[in-house]
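>>> got a sequence here, can you model it:
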Amino acid sequence: MFSKVMISRLDELIGEFDTPFFNYLLYSYDLDLYDCELIISKIRNDINEEIISSDDNLVEVVEDYFEARRMEGEKQDKIEYLALLMSEDDEFYIKFLNRYTVSPGDRDMIYDKVRTAILKDNISDFEIRRSLQYYFSNAVKQESYVRTLKLLVGDSYDSLTVKSVKRQYPNIHDEDIYRISNEMYSQILDSHDFANIKSAFFDKVMRRSEAKKAEAIEKWDNLVLGNGDSFNRLLESKNLTLDDGERIKVDVRTRILNGGICADRIDGVFLTMICNDYGREKHEGK
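Residues are numbered from 1 along each chain as shown. Prediction:
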């Protein structure tokens with residue numbers, strides 16, 4: 001019922017896109033008519049979906065939606081400006097960035113860092129230019145760190161160090177190495193001072209491994225403890241006892257702590273497979 005009232009109030013405010021309030025929105029937020037129509041359509045939908053409640057001040061809500069769209073467009077313009085500044089034929093690049101020998105990978109990292117700053121903090125055009133100069137300069141100054149890190153991980157995460165890491169931490173995979181190395185590249189660009197970059201890499205690997213274990217343990221506990229009745233019924237359907245269930249819980253938990261099972265494997269299908277395997281081994285052991 002309230003949605004009809006809110007829609008009616010919205011119609012009063014907007015009319016046929018010709019009311020004084022709509023004209024105020026159109027010119028205050030510097031949006032074209034098409035954008036305005038999309039925003040109003042979204043507001044109508046959010047009213048119907050009860051995302052906007054009867055307790056909300058509709059005038060403020062409409063202005064918030066228009067401001068969010070204006071901000072989104074402004075950020076997109078800045079991202080396009082960033083790409084322009086990083087074009088090798090752009091005047092800014094030639095004058096301020098061309099002096100630095102920066103690898104394509106580092107260029108991509110710099111672009112991602114500045115783009116993230118735009119999306120998160122809506123930094124100004126001046127800050128975009130200053131950030132580019134800062135990161136390009138640091139990429140050169142920190143080159144020794146970059147070389148060491150590249151040697152550590154290898155071109156395809158196939159270095160002896162990475163192979164050793166995967167043996168020591170079985171739950172660490174290529175995507176984890178990629179994530180860790182990118183995090184360290186980002187720190188290098190921010191002028192982070194590493195006492196020993198190899199030690200820092202191993203520390204991050206260890207922390208990542210422990211975090212993945214904690215995630216998997218939580219998911220496993222929720223599966224077998226949070227749904228105890230379902231687990232007990234599954235055991236019964238497989239001719240397994242509650243004691244068997246306790247042994248399964250401990251066994252899987254141990255395998256998780258040893259790095260053998262990650263959270264992305266743990267679901268109802270995995271649980272059924274474990275129970276099937278346990279039941280078969282139990283039967284064959286008789």
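>>> low-confidence bits of this protein, can you list those?
For the chain, the stretches with pLDDT under 70 are 1-2, 227-228, 285-286.
>>> helices of that one, start to end?
2-14, 20-28, 33-48, 58-85, 91-92, 104-121, 125-141, 143-153, 160-168, 174-189, 197-224, 228-237, 242-257, 268-285 (DSSP state H).
>>> show me what the second one is packed against.
For helix 20-28, the helices and strands in contact under the criterion 3 or more Cβ pairs under 8 Å, 6 or more residues apart in numbering; DSSP states H and E are helix 2-14, helix 33-48, helix 58-85. (Glycine included, C-beta is placed from N, CA and C.)
>>> now do the second one and helix 2-14, the angle between them.
Read that as helix 33-48. 160 degrees (axes from the mean of the first three to the mean of the last three Cα atoms, to 10 degrees).
>>> need the contact partners of helix 33-48.
For helix 33-48, contacts defined as Cβ atoms under 8 Å, 6 or more residues apart in numbering pick out 3, 6-7, 10, 14, 17, 22, 25-26, 31, 52, 61-62, 65-66, 69, 73.
>>> and that helix, how far from the chain's centre?
Offset of helix 33-48 from its chain centre (Cα atoms, centre = their mean, to the nearest Å): 28 Å.
>>> and for the longest one?
Taking the mean C-alpha point of helix 58-85 and that of its whole chain, the gap between them comes to 21 Å (Cα atoms, centre = their mean).
>>> tell me which residues in that helix are buried?
Of all the residues in helix 58-85, those buried under the rule 16 or more other Cβ atoms under 10 Å are 58, 61-63, 65-66, 69-70, 75, 78-79, 82, 85.
>>> in TSV, list those along with distance to Ala117.
Putting the buried residues of helix 58-85 into TSV (distance: Cβ to Cβ, whole Å) gives the following:
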residue	distance to Ala117
Leu58	34
Val61	29
Val62	29
Glu63	26
Tyr65	25
Phe66	24
Arg69	21
Arg70	19
Lys75	10
Lys78	10
Ile79	11
Leu82	10
Leu85	14
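>>> quick check, nearest of those residues to Leu160?
Leu160 has its nearest neighbour among those in Leu82, at 37.8 Å by Cβ to Cβ.
>>> who's in contact with that closest one?
Applying Cβ under 8 Å, 6+ apart, we find Leu82 in contact with 111, 114-115, 118, 128, 132.
>>> roughly how far does it sit from Lys113?
10 Å (Cβ to Cβ, to the nearest Å).
>>> for Ser131, same thing?
8 Å.
>>> and for Leu132?
For Leu132, the distance to Lys113 - Cβ to Cβ - is 10 Å.
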